[in-house]
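Participant: Just a sequence and a predicted model for now, questions to come.
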Amino acid sequence: MQSSLSLSFSPGSSSAAPAPRSRVPPDFLHIAAPQTLASLRFYGIRREVLGFSSLRRFGCHFSRRVHVVSHERPPRRLSASASDNGSASKSFDYDLVIIGAGVGGHGAALHAVEKGLKTAIIEGDVVGGTCVNRGCVPSKALLAVSGRMRELQNDHHLKALGLQVDAAGYDRKGVADHANNLATKIRNNLTNSMKSLGVDILTGVGTILGPQKVKYGKDNVVTARDIIVATGSVPFVPKGIQVDGKLSALKASILIHKIEVSIILLLETIIHRDYFTKYLFFSPLNGFFHYFITCLCLEKPTGKTVITSDHALKLEFIPDWIAIVGSGYIGLEFSDVYTALGSEVTFVEALDQLMPGFDPEISKLAQRVLINPRNIDYHTGVFASKITPAKDGKPVTIELIDAKTKEPKDTLEVDAALIATGRAPFTQGLGLENINVVTQHGFIPVDECMRVVDANGNLVPHLYCIGDANGKMMLAHAASAQGISVVEQVTGNDHVLNHLSIPAACFTHPEISMVGLTEPQAREKAQKEGFEVRIAKTSFKANTKALAENEGEGLAKLIYRPDNGEILGVHILGLHAADLIHEASNAIALGTRIQDIKYAVHAHPTLSEVIDELFKSAKVHSEVSSPASEPVAV
Ligand SMILES: Cc1cc2nc3c(=O)[nH]c(=O)nc-3n(C[C@H](O)[C@H](O)[C@H](O)COP(=O)(O)OP(=O)(O)OC[C@H]3O[C@@H](n4cnc5c(N)ncnc54)[C@H](O)[C@@H]3O)c2cc1C
Ligand SMILES: NC(=O)c1ccc[n+]([C@@H]2O[C@H](COP(=O)([O-])OP(=O)(O)OC[C@H]3O[C@@H](n4cnc5c(N)ncnc54)[C@H](O)[C@@H]3O)[C@@H](O)[C@H]2O)c1
């Protein structure tokens, strides 16, 4: 049981019914000036500072109310086959409210409706989040182009197939439009899929006001039996690096709100009058004031030279020489795009080898296939400690320091720099302080069931966090799978997602994919737990389909336990590796052992035979039983 002082306000905020959807375009809504106490609280402004006259003007009054919060699990609901939004239990507006309509939120919403939950999703920017608008979708459109360009420019490859092609070329704007149009199409698909199922899409920044209560937009409050936070992430830019791109719309809106409210409160405090609230917020001057602050916050989108993936995906220009800081997924995929479109790339990587997150053997092979033959050089073991954008005819300068000694190492001068040094969880304005949750390195702490853990180590009742914001696995399908897992739990099914069965892929040419442990991770686990680890490998060079495509470069690697046939990890570099990994990831998810899967039959000639060969070449101890050796009923 827990009691708290709460603030209620009227009009405009009804906890009985959600506010009608705004007709203001989502892009602009969140930049509107705040006019309610609730939104002021959102910025940490206390009621004592505001004074009661201000509060009344905001349409608020105080009441002492005790929330009774049960720490028990909610009564289990029966799954409903209804394909429309159900009706919430009497005491809440919704069964489930999701904050953030990225892929995680979308996956959760669709599954929730399928389960008969009355569901709403709150979005502060545009539906689709990072993946659809600034991530997977536009980047894969660019990579589709780079793959074709690469093939068309490879005389040796074309000759081997007996093809003749005149010089390949591209239209930058056409390529950029392809990425942008695809993002728009997928965003519309996502929106329509939610609308058609009856998910309420509520527009505005969502803030948790307290247990089971969320504010969104200006002053709308909804209650829900369960809340899922799915607020995602933004590019992480290390200290010392000056990005000259625009702020993201969501970040900008929050910053603009904060600046406006701070200026007004400062002016009111100085002169002890409320003119400013009256004249700036509730008069035509508001528009000018807001425009002025917005111009201060948002830089012009032209002439950017130090960028993150948010900007790079727009393909506003193709630099002759670009430094890519960070050689993880984003760095590697963009190196594929830029080199195919004619840029020279220099990697700057803090760790001692490129692509440090991959299995070391795959990183080595990737270096041989994806880096060395291309127009790419690299500096490893160095930090980009300071990056200054190009200005007045001067190039972008990058100061490099030794990652260990921190001694200056080198200075690079390039046309542009892409900062691909990871992503930071986005939790600003979420109101975590209202529920005593403290982030860890920015991430929202959760247990294995995505239940949010508060500052005292207790579970926050009815609150879950999925996707990039919890940092378990920053992948689109992981976010969605976590959302589905949470919905399973709130509808009464115990479900724990096995993150070791979630595959990942890097969509270079050729692709890289993986699931489970890397070899060093497996060996460490084996040493701790006392079992043997073995490795099996197969090459694409022996695969008919790969050779027919003249794409024999590639390797598949299996890490397994010979004592019981457990698959610990699979890593693939080669043609369509991203599609091939699912046989292994499904096997891990279902607990299928090598001695079971090695008898499965694969069509010939297909790339899947690479994986078939991989499982067949594993040596599981002979005494381990296999279903194939048992009699089968026909
Ligand atoms: C360049 C790039 C390429 C990528 N490629 C791939 C890929 O190929 N495959 C893959 O699996 N992953 C890829 N990713 C990662 C993938 O995009 C993320 O893992 C995924 O988008 C995370 O989903 P999410 O739902 O957790 O968050 P997001 O997609 O970031 O969505 C969060 C949403 O919440 C909204 N929001 C935030 N705060 C609030 C608030 N307070 N109120 C209301 N709304 C709020 C945001 O506006 C956003 O719409 C890529 C990422 C990048 C940057
Ligand atoms: N195909 C995909 O699934 C895909 C594609 C793109 C992004 N993503 C997701 O997006 C997330 C972010 O990707 P990312 O590539 O930015 O991060 P990442 O964590 O994959 O790689 C970041 C790299 O930057 C290096 N680094 C960090 N700070 C540095 C500095 N100051 N100087 C030099 N090097 C530095 C790190 O050592 C690391 O190698 C990933 O977690 C990934 O899951 C996935």
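Facilitator: In hand now; what should we look at? Ligands and ions are numbered 1, 2, ... in the order given.
Participant: What residues sit buried inside stretch 442-454?
Facilitator: By 16 or more other CB atoms under 10 Å, the buried positions in stretch 442-454 come out as 443, 444, 445, 446, 449, 450, 451, 452, 453, 454. Placement of C-beta: from N, CA and C, glycine included.
Participant: tell me the two of these that are most distant?
Facilitator: Greatest spatial distance among the buried residues of stretch 442-454 (CB to CB): 443 and 449, at 16.0 Å.
Participant: What about the residue in the stretch 201-350 of the chain that ligand 1 sits nearest to, how many residues nearby?
Facilitator: Closest to ligand 1 within the stretch 201-350 of the chain is residue 232: 2.0 Å, counting by CB to the nearest ligand atom. Residues within reach of residue 232, counting by other CB atoms under 10 Å, total 28.
Participant: Report pLDDT for it.
Facilitator: Looking at residue 232, its pLDDT is 98.
Participant: cool, the one 4 residues further on as well?
Facilitator: Confidence per residue is given as pLDDT, and for residue 236 that number is 97.
Participant: isn't there a strand covering residue 568?
Facilitator: Yes - judged by DSSP: H, G, I helix; E, B strand; the rest coil, residue 568 forms part of a strand.
Participant: Contact partners for it?
Facilitator: Contacts for residue 568 (CB atoms under 8 Å, 6 or more residues apart in numbering) come out as 516, 517, 522, 525, 533, 559, 560, 561.
Participant: so is the fourth one in a helix, a strand, or just coil?
Facilitator: Just to be clear, that refers to residue 525. Look at residue 525: counting by three-state DSSP, its state is helix.
Participant: ok, back up a step: buried subset of the contacts of residue 568, written for PyMOL?
Facilitator: Burial among these is assessed by 16+ other CB under 10 Å; the matching PyMOL selection reads:
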select buried, resi 516+517+522+533+559+560+561
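Participant: with the contacts of residue 568 in mind, which one is nearest to ligand 1?
Facilitator: residue 516 (16.3 Å).
Participant: if you skip the residues just before and after it, what's nearest to residue 453?
Facilitator: With CB to CB, 6 or more residues apart in numbering as the criterion, residue 453 has its nearest non-adjacent residue at 4.4 Å, and that residue is residue 445.
Participant: could you list every residue that touches that neighbour?
Facilitator: Applying CB under 8 Å, 6+ apart, the residues near residue 445 are 437, 438, 439, 452, 453, 470.
Participant: ok so, going back, I'd assumed residue 101 was in contact with the residue of the stretch 201-350 of the chain closest to ligand 1.
Facilitator: No - look at residue 232 against residue 101 with CB atoms under 8 Å: they stay out of range, at 9.7 Å.
Participant: which neighbours do those two share?
Facilitator: Both residue 232 and residue 101 are in contact with residue 129, where contact means CB under 8 Å, 6+ apart.
Participant: does ligand 1 sit close to the longest strand anywhere in the chain?
Facilitator: The single longest strand within the chain, with elements called by DSSP state E, is strand 220-229. No - Strand 220-229 is not in contact with ligand 1 by CB under 6 Å from any ligand atom; minimum separation 8.2 Å.
Participant: partners of that strand, with directions?
Facilitator: Using DSSP bridges, the strands paired with strand 220-229 are strand 94-99 (parallel), strand 213-216 (antiparallel), strand 459-465 (parallel).
Participant: which one among the contacts of residue 445 gets closest to residue 426?
Facilitator: residue 439 (10.7 Å).
Participant: among the contacts of residue 568, which are in reach of ligand 1?
Facilitator: With the criterion set as CB under 6 Å from any ligand atom, no member of the contacts of residue 568 is near ligand 1.
Participant: could the contacts of residue 568 be laid out in CSV, adding distance to ligand 2?
Facilitator: Output for the contacts of residue 568, formatted as CSV (distance: CB to the nearest ligand atom, whole Å):
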residue, distance to ligand 2
516, 16
517, 17
522, 20
525, 22
533, 25
559, 20
560, 24
561, 27
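Participant: quick one: which of the contacts of residue 568 sit in helices?
Facilitator: 522, 525 (DSSP state H).
Participant: export stretch 506-515 as CSV, just CAs?
Facilitator: The C-alpha coordinates for stretch 506-515 follow below in CSV (Å, rounded to 0.1, in the frame of the first residue of the first chain):
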residue,chain,number,x,y,z
CYS,A,506,24.3,-6.0,-40.1
PHE,A,507,23.0,-5.4,-43.6
THR,A,508,26.4,-4.8,-45.4
HIS,A,509,27.3,-6.6,-48.6
PRO,A,510,27.7,-9.4,-47.8
GLU,A,511,25.6,-9.4,-44.6
ILE,A,512,26.7,-10.4,-41.1
SER,A,513,24.3,-12.1,-38.7
MET,A,514,24.5,-13.7,-35.3
VAL,A,515,22.5,-15.2,-32.5
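Participant: from the chain's centre, how far out does that stretch sit?
Facilitator: Offset of stretch 506-515 from its chain centre (CA atoms, centre = their mean, to the nearest Å): 18 Å.
Participant: That stretch near ligand 2 at all?
Facilitator: Yes - applying CB under 6 Å from any ligand atom, one finds stretch 506-515 touching ligand 2 at 506, 507.
Participant: do stretch 126-134 as well
Facilitator: No - figure legend: stretch 126-134 not in contact with ligand 2 (CB under 6 Å from any ligand atom); closest approach 8.4 Å.
Participant: mind checking how far that stretch is from the chain centre?
Facilitator: Counting by CA atoms, centre = their mean, stretch 126-134 is centred 9 Å from the centre of its parent chain.
Participant: Repeat that for stretch 365-375.
Facilitator: Relative to the centre of its chain, stretch 365-375 is centred 27 Å away, using CA atoms, centre = their mean.
Participant: is any part of that stretch close to ligand 2?
Facilitator: No - Stretch 365-375 does not reach ligand 2 (CB under 6 Å from any ligand atom); its nearest approach is 12.7 Å.
Participant: then that stretch to CSV, C-alphas only?
Facilitator: Taking only C-alpha atoms (Å, rounded to 0.1, in the frame of the first residue of the first chain), the coordinates of stretch 365-375 have been written out as CSV:
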residue,chain,number,x,y,z
LEU,A,365,36.8,-11.9,-41.9
ALA,A,366,34.6,-8.8,-42.1
GLN,A,367,37.8,-6.7,-42.1
ARG,A,368,39.1,-8.8,-45.0
VAL,A,369,35.9,-8.7,-47.0
LEU,A,370,34.2,-5.4,-46.1
ILE,A,371,37.1,-3.1,-45.2
ASN,A,372,40.4,-3.9,-46.8
PRO,A,373,39.3,-4.2,-50.5
ARG,A,374,37.3,-0.9,-50.2
ASN,A,375,38.2,2.8,-50.1
